[in-house]
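Q: Build me a model:
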Amino acid sequence: MNSVEKVNYKNKFEMQDLRLFLKENELNFDEDCDYTIVLRDSEDRIVATASKTKNILKCFAIDSSMRGEGVSGKIVTDILNKMFSEGYDSSLVFTKVENLELFINMGYKEIASTDRVSLLEIGVNNIGKVIEEIKKEYGIDNITKKSMIVMNCNPFTLGHQYLIEQASKESEEVIIFIVEEDKSVFPFNIRYKLVKEGCAHLKNVKVIPGTKYIISSATFPNYFLKKSDDALLEYTKLDVTIAGKIFCPAFNITKRYIGEEPFCQMTAKYNESIKEIFPRFGVEVRVIPRKEIENRAISATEVRKWLAKGDFEKLKGLIPEVTYKFLSSSEATEIIEKLKLKSQN
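A: Alright, predicted model coming up:
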């Protein structure tokens, strides 16, 4: 048995070999991986592989002939050592459900599973600790019945504000989880700031980070890849299950609000998973019709389109004052330039 080898992403032969092995194990290679290793046999054939993206272990596969040979421990240890050398104090693993027991035996703890995939973690900074820290920092109790909304707000529009206001009218307290992953044109700190300022008039609304457990690279990579493939359904189910199974009881959330989705097929599928899964955890799902202007639903996509064209007049009916003020400032210059460049490609 040869030693563990690092895959060179620029070597097309190595990548072809890797993709073929993953395909034989009913997996696809995730293009956002930043480190991949393989183990080869005496005939130079791949018999095991694993990859990572930051502190997320993925694309894990072992040839059936090698199971029980200690191979899994060898490659997982290599990946974990790489993560820890980069400063991470915990690790998540996204894997097929048949590998659940294998990772539990290596010290991982299950967060949630669907029929086909599981998310597990190991390390000190786990989901329980993250939730307790959020509750303490934002003064969230276990008694008040709450509603939740998950938003990206790329950027914050009048449509987002309308949905939040509707939830605020119908709820004791509302928690807005802002997607924390920085893979949108508008960075997390800007999106968070605009929503918080745009909801300051709603005294029963709290705006908090979505954490690494809600629409993140670990739970829902397709959200950022904008692809609609076979894995999409499992990603949506897993992300929704984590929210329903863990976040809702921890925060005493009894209702989830979502907006109608006339534009994005992926978000529409995500909403379908919410409507299917949340009631299993005793959580009501409220679907709010989109706010419209001139018989057209307001969307962040349209806002980005007019920004790229530099048409601020068109923006006035689409965004609240707080967003317009930000976009008119020098702080937004770099974001607008990125949008202009993107529209030209």
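Q: Next, residue 115: phi, psi?
A: phi -70, psi -20 (degrees, to the nearest 10).
Q: show me what contacts the nearest residue to it once chain neighbours are set aside?
A: Nearest residue to residue 115 in three dimensions, chain neighbours excluded: residue 97, at 6.9 Å (CB to CB, 6 or more residues apart in numbering). Quick note: C-beta positions are derived from backbone N, CA and C, even for glycine. Each residue near residue 97 by CB atoms under 8 Å, 6 or more residues apart in numbering is listed here: 113, 114, 115, 116, 117, 118.
Q: likewise residue 282?
A: By CB under 8 Å, 6+ apart, the contact set of residue 282 is 248, 254.
Q: what's around residue 103, how many residues?
A: Residues contacting residue 103 under the criterion other CB atoms under 10 Å number 21.
Q: Check the offset of the helix or strand hosting residue 147 from the chain's centre.
A: Using DSSP states H and E, residue 147 falls within strand 146-151. Its chain's C-alpha centre and that of strand 146-151 lie 15 Å apart, by CA atoms, centre = their mean, to the nearest Å.
Q: now swap in stretch 186-200 and tell me
A: Centre to centre, stretch against its chain (CA atoms, centre = their mean), the figure for stretch 186-200 is 18 Å.
Q: which parts of it are buried?
A: For stretch 186-200, a neighbour-count test (16 or more other CB atoms under 10 Å) marks 186, 188, 190, 191, 192, 193, 194, 195, 196, 197, 198, 199 as buried.
Q: Which of those fall in helices?
A: Using DSSP state H, the subset of the buried residues of stretch 186-200 located in helices is 188, 190, 191, 192, 193, 194, 195, 196, 197, 198.
Q: Residue 293 touches residue 319, doesn't it?
A: No: the pair formed by residue 293 and residue 319 falls short of the contact definition of CB atoms under 8 Å, at 10.8 Å.
Q: So between these two, which is more surrounded?
A: Using other CB under 10 Å as the criterion, residue 293 and residue 319 rank with residue 319 on top: 27 against 13.
Q: State whether that one is indeed within a strand.
A: No: according to DSSP: H, G, I helix; E, B strand; the rest coil, residue 319 belongs to no strand; its state is coil.
Q: right, and it touches residue 300 too?
A: No: look at residue 319 against residue 300 with CB under 8 Å: they stay out of range, at 9.1 Å.
Q: ok, back up a step: just curious, which of the buried residues of stretch 186-200 is nearest to residue 73?
A: Nearest to residue 73 out of those is residue 188 (CB to CB; 35.7 Å).
Q: which stretches of the chain form helices?
A: Ranges of helices within the chain are 12-24, 71-85, 100-105, 127-138, 158-170, 188-198, 222-225, 231-242, 248-251, 265-277, 300-309, 312-315, 321-327, 333-344, based on DSSP H.
Q: if I pick the nearest residue to residue 164 once chain neighbours are set aside, what's in contact with it?
A: Using CB to CB, 6+ apart and skipping residues adjacent in sequence, the residue nearest residue 164 is residue 199, 5.7 Å away. Contact analysis of residue 199 by CB under 8 Å, 6+ apart lists 161, 164, 176, 205, 207.
Q: and for residue 293 and residue 319, which residues touch both?
A: Common contact partners of residue 293 and residue 319 (CB under 8 Å, 6+ apart): residue 158.
Q: Export the ones in helices among the buried residues of stretch 186-200 to JSON lines and append columns for pLDDT.
A: Below are these laid out as JSON lines (pLDDT from 0 to 100):
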{"residue": "188", "pLDDT": "97"}
{"residue": "190", "pLDDT": "98"}
{"residue": "191", "pLDDT": "98"}
{"residue": "192", "pLDDT": "98"}
{"residue": "193", "pLDDT": "98"}
{"residue": "194", "pLDDT": "98"}
{"residue": "195", "pLDDT": "99"}
{"residue": "196", "pLDDT": "98"}
{"residue": "197", "pLDDT": "98"}
{"residue": "198", "pLDDT": "98"}
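Q: Spatially nearest residue to residue 99, not counting backbone neighbours?
A: Excluding its sequence neighbours, the residue lying closest to residue 99 (CB to CB, 6+ apart) is residue 60, at 6.6 Å.
Q: Would you quantify the distance from the one you found to residue 47?
A: Applying CB to CB, to the nearest Å, the value for residue 60 to residue 47 is 13 Å.
Q: And residue 99, by the same measure?
A: 16 Å.
Q: Same check on residue 291?
A: From residue 291 across to residue 47, the span is 55 Å (CB to CB).
Q: ok, now residue 301?
A: Distance from residue 301 to residue 47, by CB to CB: 45 Å.
Q: Show me which of those two is the more surrounded one.
A: Taking residue 301 and residue 47 together and counting by other CB under 10 Å, residue 47 has the greater number of neighbours (22 against 11).
Q: circling back: highest neighbour count among the contacts of residue 97?
A: Within the contacts of residue 97, residue 118 tops the neighbour count with 22 neighbours, counted by other CB under 10 Å.
Q: Bridging across strands, which residues link to that residue?
A: residue 95, residue 113 (DSSP bridges).
Q: Which residues are in contact with it?
A: Contacts for residue 118 (CB under 8 Å, 6+ apart) come out as 93, 94, 95, 96, 97, 99, 100, 103, 110, 112.
Q: Repeat that for residue 26.
A: residue 96.
Q: Dihedrals phi and psi, it?
A: Residue 26 adopts backbone torsions of phi 60, psi 40, taken as degrees, to the nearest 10.
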